[in-house]
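Novice: pasting the structure only:
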């Protein structure tokens with residue numbers, strides 16, 4: 001009798017309804033993903049195929065690396081990559097040091113005006129860097145640093161976003177670890193180095209990816225402050241390389257674009273899990 005009633009209950013169960021909202025969200029996500037990927041796919045196609053196939057999408061079109069060779073020899077990209085690597089390394093090291101000290105002070109020390117100072121730090125996130133270009137240029141000119149790599153990175157060596165992100169991470173670390181380290185005779189800086197920094201490595205990794213990608217692709221400020229090949233980063237060099245008076249070879253330009261953006265794509269693919277997890281831990285969605 002119980003089996004019969006159970007079978008009737010199963011048969012009487014209402015059919016699963018179609019979730020329109022879920023389907024709409026999925027369709028929208030796939031649409032946006034395809035629209036985002038189309039320019040990248042076109043760049044990859046033209047970079048690895050002869051110029052005759054820029055708009056001729058044949059499945060069995062011949063592959064070639066000649067476009068990369070032409071792009072590399074047409075402009076001093078080796079110097080551009082060296083300048084960009086030095087720039088992002090300089091900025092990242094300065095940001096790690098300054099943001100770590102500031103975030104540790106805001107997270108673990110109580111001093112008069114701390115909330116006001118932290119509010120001022122957050123207000124930095126509302127100020128677009130382009131608004132300060134004129135004042136920054138005057139400051140760099142007065143310091144005599146025009147057309148140097150230091151001049152490109154100096155306005156970005158302190159980051160409000162980095163301070164906020166590390167402060168949120170430091171506040172999640174139990175205070176008992178502080179007390180245990182202080183019992184062993186460790187001072188504030190040693191506690192920071194031995195306790196807080198190792199536990200915040202995923203956050204440092206995620207913030208490092210954000211910082212490197214932003215300053216690797218930064219264009220306007222380096223364009224204004226640099227005048228020579230010896231200091232020009234790769235984005236400015238790529239724009240000058242693409243600005244030709246004659247016909248535009250999209251296959252060569254896209255090959256150069258892939259060369260400049262390739263390191264960032266590889267870094268994100270390698271560290272995407274740590275990148276997402278660190279922002280989730282900090283409460284940022």
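Specialist: Here it is on my side, so go on. Note that the structure is predicted; figures quoted are calculated from it, not measured.

Novice: low-confidence ranges in the stretch 151-285 of the chain?
Specialist: Under the criterion of pLDDT under 70, the regions of the stretch 151-285 of the chain flagged as low confidence span 242-248, 274-285.

Novice: apply 90 and report the result again.
Specialist: Within the stretch 151-285 of the chain, the stretches with pLDDT under 90 are 158, 172-189, 194, 199, 201-203, 205-210, 213, 217, 227-229, 235-285.

Novice: what segments of it are helices?
Specialist: Defined through DSSP state H, counting those that start in this stretch, the helices belonging to the stretch 151-285 of the chain, from first to last, are 160-171, 175-183, 188-191, 197-199, 201-217, 220-225, 234-242, 250-281.

Novice: most packed of the ones you listed?
Specialist: Here the criterion is mean neighbour count by mean count of other CB atoms under 10 Å, and of the helices of the stretch 151-285 of the chain the winner is helix 160-171, at a mean of 22. The C-beta positions use only the backbone N, C-alpha and C, and glycine is treated the same way.

Novice: picking that back up, save the helices of the stretch 151-285 of the chain as a markdown table, and put in distance to residue 83 too.
Specialist: Formatted as a markdown table, the helices of the stretch 151-285 of the chain follow (distance: least, CB to CB, whole Å):
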| stretch | distance to residue 83 |
| --- | --- |
| helix 160-171 | 23 |
| helix 175-183 | 41 |
| helix 188-191 | 33 |
| helix 197-199 | 29 |
| helix 201-217 | 11 |
| helix 220-225 | 9 |
| helix 234-242 | 7 |
| helix 250-281 | 12 |
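
Novice: select, out of those, the one closest to residue 131.
Specialist: Comparing those by their distance to residue 131 (CB to CB), the top pick is helix 220-225, with 11.6 Å.

Novice: give me the helices and strands touching that closest one, please.
Specialist: Helices and strands touching helix 220-225, as assessed by 3 or more CB pairs under 8 Å, 6 or more residues apart in numbering; DSSP states H and E, comprise helix 133-143, helix 149-153, helix 234-242.

Novice: need the ones you listed in a markdown table (columns: distance to residue 122).
Specialist: Output for these, formatted as a markdown table (distance: least, CB to CB, whole Å):
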| stretch | distance to residue 122 |
| --- | --- |
| helix 133-143 | 21 |
| helix 149-153 | 23 |
| helix 234-242 | 28 |
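
Novice: if we compare these, which one ends up closest to residue 218?
Specialist: helix 234-242 (6.7 Å).

Novice: still on that earlier bit, indicate which one of the helices of the stretch 151-285 of the chain is closest to residue 60.
Specialist: Proximity to residue 60, assessed across these by CB to CB, is greatest for helix 250-281 (17.6 Å).

Novice: list the helices and strands the closest one packs on?
Specialist: In terms of contacts (3+ CB pairs under 8 Å, 6+ apart), helix 250-281 is packed against helix 20-47, helix 66-74, helix 77-108, helix 201-217, helix 234-242.

Novice: tell me which of those lies nearest to residue 264.
Specialist: helix 201-217 (5.1 Å).

Novice: quick one, that closest one and helix 77-108 angle?
Specialist: Computed by axes from the mean of the first three to the mean of the last three CA atoms, to 10 degrees, the angle separating helix 201-217 from helix 77-108 equals 140 degrees.

Novice: quick one: closest of the helices and strands packed on helix 220-225 to residue 48.
Specialist: Per CB to CB, nearest to residue 48 of those: helix 234-242, 18.4 Å.

Novice: pLDDT weak spots in the stretch 1-150 of the chain?
Specialist: 1-29, 33, 36-47, 49-65, 67-78, 108-115, 121-132.
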